[in-house]
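> structural data only, the sequence is not supplied:
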C-alpha cells in the first residue's frame, strides 16, 4: 500500500521536483541526486501524506531544504564564506533585491531557515502566502525572515561586499 | 523582484499548469498570460525543459534505483550511549544529593 502511494507520488511529481532541484543546483547530476534523496525521505515519512494532491508542498519543502543545503556545502567547499554578524532583531522593511549575484552570495551566509524563505520568495518568485504554505510556517514568520535577510544584507554591504 | 501584488503568475499556478491541475478556465487564463509575458514564459519553459528531460531520460531508471536503495538494510542510527550515560550520571548525583540532604 505504502509502495503504491509512494509510486503515485513519484510518478506525479519527480520530474517537477527535478526541475526545482536543477534550478537550485545548476547541475543535472546533483539535481538527480537531490531528487533521489527527496523521494527516499518522502518514503520514510509517507504516513504524513493524506493525498497525492496535497503532498506537493510537502515534497517540495523536502527538496528545497536538501538542495539548498547541498548548494551551500558546495559553495563552502569551493570558497569558504566569512560569517556575517547576527542581525540585531530590529524591524526593517522588506528589501527589493535587484542584484541576483548579491542575493545568491547573501544566501550562502544566512541561517538555513532564512535561506529557504529567501530562495522561494526571490528566486522562485513565490508570494509570501505561497512560501508559508510550502514551508508549513505562518505568513508572519515569512515576513520576519525576509526582514532578517534584509538586515543581513545591510551588514554584508557594510563589510564592503556590496553588489557591483 | 517578487511582491505580493506581482503582475506575474504565481509559481504554484505555473506548477499546477505544468502538472495539468488547473481548471479549464484557470488554464486558459494562465496560457493567455504566458502569451503576453516573456518573464513568466521563460520560467515555464525552464521548468518544462528540465522536467521533460527527467521524464524522458531518468524517470524509470531513477525509480528503480530508489527502490533498490529502499530495499537495502538501513544502517542503524547511532546509539546515543553518551546521552544515556549523562542521564545515569545525573540520576546518581541526584540520589547522592538527596541522601546527603536527608542525613544532614
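That came through fine. Computed from a predicted structure; not experimentally measured.

> alpha carbons only for contacts and neighbour counts from here, please
OK.

> who's in contact with residue A:6?
A:42-43, A:46 (CA atoms under 8 Å, 6 or more residues apart in numbering or on different chains).

> now, these that are in helices?
Using DSSP state H, the members of these that fall within helices are A:42-43.

> and the closest residue to chain A within chain B, what element?
At 4.3 Å from chain A, residue B:51 is the closest residue in chain B, using CA to the nearest CA. Assigned by DSSP states H and E, residue B:51 belongs to helix B:38-57.

> give me the distance from that helix to the chain's centre.
Relative to its parent chain, helix B:38-57 has a centroid offset of 20 Å by CA atoms, centre = their mean, to the nearest Å.

> residues of that helix that come out buried?
B:40-41, B:43-44, B:46-48, B:50-52, B:54-55 (16 or more other CA atoms under 10 Å in any protein chain shown).

> report all helices and strands that it contacts.
helix A:2-25, helix B:11-19, helix B:24-36 (3 or more CA pairs under 8 Å, 6 or more residues apart in numbering or on different chains; DSSP states H and E).

> winner for burial among those helices?
Of the helices and strands packed on helix B:38-57, the one with the most neighbours on average (mean count of other CA atoms under 10 Å in any protein chain shown) is helix A:2-25, at a mean of 20.

> just the element for residue A:109, please.
Counting by DSSP H and E, residue A:109 is found in no helix or strand.

> what's the answer for residue A:29, then?
helix A:28-44.

> likewise residue B:102?
Going by DSSP H and E, residue B:102 is part of helix B:81-103.

> buried ones in the helix holding residue A:29?
So, applying 16+ other CA under 10 Å, buried residues of helix A:28-44: A:28, A:30-32, A:34-40, A:42-43.

> so which residue of chain A comes closest to chain B?
For chain A, CA to the nearest CA, closest residue to chain B: residue A:15, 4.3 Å.
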